[in-house]
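Student: give me a 3D structure for the following:
(2 chains)
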Amino acid sequence: DAGVTQSPTHLIKTRGQHVTLRCSPISGHKSVSWYQQVLGQGPQFIFQYYEKEERGRGNFPDRFSARQFPNYSSELNVNALLLGDSALYLCASSPRAGNEAFFGQGTRLTVV
Amino acid sequence: RKEVEQDPGPFNVPEGATVAFNCTYSNSASQSFFWYRQDCRKEPKLLMSVYSSGNEDGRFTAQLNRASQYISLLIRDSKLSDSATYLCVVTRRGGGADGLTFGKGTHLIIQP
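Tutor: Residues are numbered from 1 along each chain as shown, chains lettered A, B, ... in the order given. Got it, this is the predicted structure:
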C-alpha cells in the first residue's frame, strides 16, 4: 500500500515567488493536514482539511492557503515567499480529523 | 509557557541501557497523546499512542499522567537503531481543529 506521497521532494525558489506543494493521502484517509518544520523545531500546524473543508488553521499569515480535492489529495500554496519560509513542509493523512497522523516524506523548500 | 515542552537533550546512552523521557503539556483540554520518532532529515513516524492506562509495545512503554499533565516514554534494552529524535505530540479530540501540537523533540544517541 502506498503511504502519503508528496511532491516535489526538493524545491528552490526566489523571494517573492509563489509555490505549490502537493500531497496524496493514504487510500481511504479523508483528512489531510499540513505542517512546517524548521531546523531544530518540531513541526508547526498550518492547516487541516477533512472531507474537502478546512477544519483548522494554525498561526500562519494569509500568504499560506490550501485546498483539498474530491479525491482527498491536497495542495498547499504559499505566496510572496520570504527567506523565513525555508523549511520542510510535511503533509499528514488521517482516517478522520483528530486521529493519529501518518506523514509523507516532506518537501524541502529553500527560498533564496 | 510552551504548549508542549521536552528536554532537547542530547541524551547519550550506552547500548543496552534503559532511558526515559518526559514531556509536559499546558492545555488541560488535550485528549490524545502520541510519541513520534524522527530520524535526521526524515519525516516523523508514529511510535505509539499514549493511553490513560499506559501502554507497552515491546521495549517501549508510554505513560500518561493527566493530573500532572505529563507524558513519559521508557525505552528498555536500547539499540543503536533507537538513535533518533523523539517528538511528544498532543491534540484535542473532536475534530482536531488545532492539529497536532509537537514538542521540539528529545535527541537520543545510543553509543556502542
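Student: up against chain B, what does chain A have?
Tutor: For chain A, the residues in contact with chain B (CB under 8 Å from any CB of the partner chain) are A:31, A:33, A:35, A:40-48, A:50, A:55-56, A:58, A:90, A:92, A:94, A:97-106. Placement of C-beta: from N, CA and C, glycine included.
Student: of those, buried ones?
Tutor: Buried members of the residues of chain A next to chain B, scored by 16 or more other CB atoms under 10 Å in any protein chain shown, are A:31, A:33, A:35, A:42-48, A:50, A:55-56, A:58, A:90, A:92, A:94, A:97-106.
Student: all strands of chain B, in order?
Tutor: Assigned by DSSP state E, the strands in chain B fall at B:4-6, B:11-14, B:19-25, B:32-38, B:44-50, B:55-57, B:60-65, B:70-75, B:84-91, B:101-102, B:106-111.
Student: what is the second one packed up against?
Tutor: Taking 3 or more CB pairs under 8 Å, 6 or more residues apart in numbering or on different chains; DSSP states H and E as contact, the helices and strands that strand B:11-14 lies on are strand B:19-25, strand B:106-111.
Student: mind checking which of the ones you listed is nearest chain A?
Tutor: Closest approach to chain A among those is made by strand B:106-111 (9.8 Å; CB to the nearest CB).
Student: with only the CA atoms kept, save that closest one in PDB.
Tutor: C-alpha atoms of strand B:106-111 as PDB (Å, rounded to 0.1, in the frame of the first residue of the first chain):
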ATOM      1  CA  THR B 106      14.400  15.000  22.500                       C
ATOM      2  CA  HIS B 107      17.500  13.900  20.700                       C
ATOM      3  CA  LEU B 108      18.700  10.400  21.700                       C
ATOM      4  CA  ILE B 109      22.100   9.000  20.800                       C
ATOM      5  CA  ILE B 110      22.800   5.300  21.600                       C
ATOM      6  CA  GLN B 111      26.500   4.700  21.900                       C
END
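Student: list the buried residues in stretch A:60-69.
Tutor: The neighbour-count check on stretch A:60-69 (16+ other CB under 10 Å) flags A:F60, A:F64, A:S65, A:A66, A:Q68 as buried.
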